[in-house]
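J.: here is a sequence with its predicted model. Questions after.
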Amino acid sequence: MNLKTKILILALSILPVLTFADQSPISKDVVAVMRFESSTVRNDMLDSFTESLIKAFVSDGRFTVVERDKLTAILNEMKLQLSGITSDKDIVEIGKMVNAHYMVCGNIVYSAEYHDRKYVEQYKVTARLVDIEKGTVLSSYSTDTANLMTYSESVMKMIVSQLAYSLSRKIEGRIVNVSGNEVFTDLGQEYLKEGFLLKVEREGKGILNNKGETIYQEKDPIGRLKVISIQSKGSKCLVLDSTSKTFAEGDKVFLSVKDYDKGFGAAWRSAVLPGWGQLYNDQPEKAFIPPVSVAGGIVIYLILDDAYRKGLVTDGRPAAESDKYWGLAIAIGGYLYGVIDALITGSSLHYYEPEMADYKSKSQPAFHMGCNQGQALTIVCNIKF
């Protein structure tokens, strides 16, 4: 096999990398995104950042997003601008006018420090989620990035994920009927999807202060449910597991949400195919570095190896057998960079999503081991003959 054939086979073996994301809607809450504020970042960067954030909310699929043109028109009527609105009262008023349930606003602070003979830039992005009905800040989230525009896609998904988690914690309902191993709730298709995991708890004794106000409400966990069927205003669930208490009408149900980072998943993807981990971490601008380094290193290795075998002269001397290992070092370095970068970057990205039920039903064959902190290991085995 000659050198050209080797290079052709190598080039054909490097294929585009595709990643797939299964994003399921939690709720169709209406969200409006305000232009982020800053006294240290240029207006065109703020516009681009805000536009990217709007696109991230749209592509997420869990929200109905108010069009920016509609928001701008409302602001013009109020003789306000997209920037400079810091009053929660103004934000709530604008939210009501565009029929939004929540408003997303925030600010960006730029800083630069001189370190190791160079300036290190840093952008601190803070986002707030304002509940229009209550007129209060539901949650806030902050993150740092070295390059606001280069890594904007990753930052956007982090913000959307964190704010979506805040909304998902509000998704709760009640059990309205219990029939054997089937439980019916008042949470419908607006909030749920088949397979979602619901947790059930019962409100216990309330602790009152001297004014008769409840300052603490005891809550007893009852068990977990798997959503198997959904209609517009209700859902049917199967019992997965339960405590010694039985499910009853009026028990509270709420969506279970899991927190995860992408570190391990990104690392093994880069180990399988260089650059895949960077795409998995939503950093396409870095995805080309590992495969190009690996491919380039292998090409250099093959060229220098061929030159040595043919006795060619390079840099005024005969090609040495050791020369080819420079290419091998480049390839290994690019490969390790891809794996390590994917692991470190992915470990810093925390995402939230609805938890899916692991078991089909309590009455079907299942095996489950669980251990809570401070408690003995529990093994549950349900076998149907």
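T.: Thanks, I have the structure now. Residues are numbered from 1 along each chain as shown.

J.: how does the protein divide up, domain by domain?
T.: 29-169, 172-256, 265-353 (automatic domain parsing).

J.: I'd like these laid out as JSON lines, including mean pLDDT.
T.: Shown next, in JSON lines, are the domains of the chain (pLDDT from 0 to 100):
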{"stretch": "domain 29-169", "mean pLDDT": "79"}
{"stretch": "domain 172-256", "mean pLDDT": "89"}
{"stretch": "domain 265-353", "mean pLDDT": "84"}
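
J.: can you put the ones you listed in CSV and add mean neighbour count?
T.: Just so you know, the C-beta spots here come from the backbone N, C-alpha and C atoms, and that holds for glycine as well. Formatted as CSV, these follow (neighbours: other CB atoms under 10 Å):
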stretch, mean neighbour count
domain 29-169, 17
domain 172-256, 16
domain 265-353, 18
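
J.: tell me who's in contact with Gln278.
T.: Shown in contact with Gln278 (CB atoms under 8 Å, 6 or more residues apart in numbering): 266, 270, 284, 286-287, 289-290, 338, 341-342, 345.

J.: the strands in the stretch 51-200 of the chain, which residues?
T.: Assigned by DSSP state E, counting those that start in this stretch, the strands in the stretch 51-200 of the chain fall at 63-65, 102-115, 118-131, 136-145, 172-179, 182-185, 197-208.

J.: roughly how far is the fifth one from the heart of the chain?
T.: Between the centre of strand 172-179 and the centre of its host chain there is 30 Å, according to CA atoms, centre = their mean, to the nearest Å.

J.: partner strands of the longest strand anywhere in the chain, parallel or antiparallel?
T.: For the chain, the strand that runs over the most residues, judged by DSSP state E, is strand 214-230. Using DSSP bridges, the strands paired with strand 214-230 in its sheet are strand 197-208 (antiparallel), strand 235-242 (antiparallel).

J.: columns secondary structure and distance to Arg128 on top of the contacts of Gln278, output as TSV?
T.: Putting the contacts of Gln278 into TSV (DSSP: H, G, I helix; E, B strand; the rest coil; distance: CB to CB, whole Å) gives the following:
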residue	secondary structure	distance to Arg128
Ala266	helix	29
Ser270	helix	34
Pro284	helix	28
Lys286	helix	29
Ala287	helix	32
Ile289	helix	35
Pro290	helix	37
Gly338	helix	36
Asp341	helix	31
Ala342	helix	31
Thr345	helix	25
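
J.: JSON lines for those, including distance to Asn107?
T.: Compiled in JSON lines, these are given as follows (distance: CB to CB, whole Å):
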{"residue": "Ala266", "distance to Asn107": "30"}
{"residue": "Ser270", "distance to Asn107": "34"}
{"residue": "Pro284", "distance to Asn107": "27"}
{"residue": "Lys286", "distance to Asn107": "27"}
{"residue": "Ala287", "distance to Asn107": "30"}
{"residue": "Ile289", "distance to Asn107": "32"}
{"residue": "Pro290", "distance to Asn107": "35"}
{"residue": "Gly338", "distance to Asn107": "34"}
{"residue": "Asp341", "distance to Asn107": "29"}
{"residue": "Ala342", "distance to Asn107": "30"}
{"residue": "Thr345", "distance to Asn107": "24"}
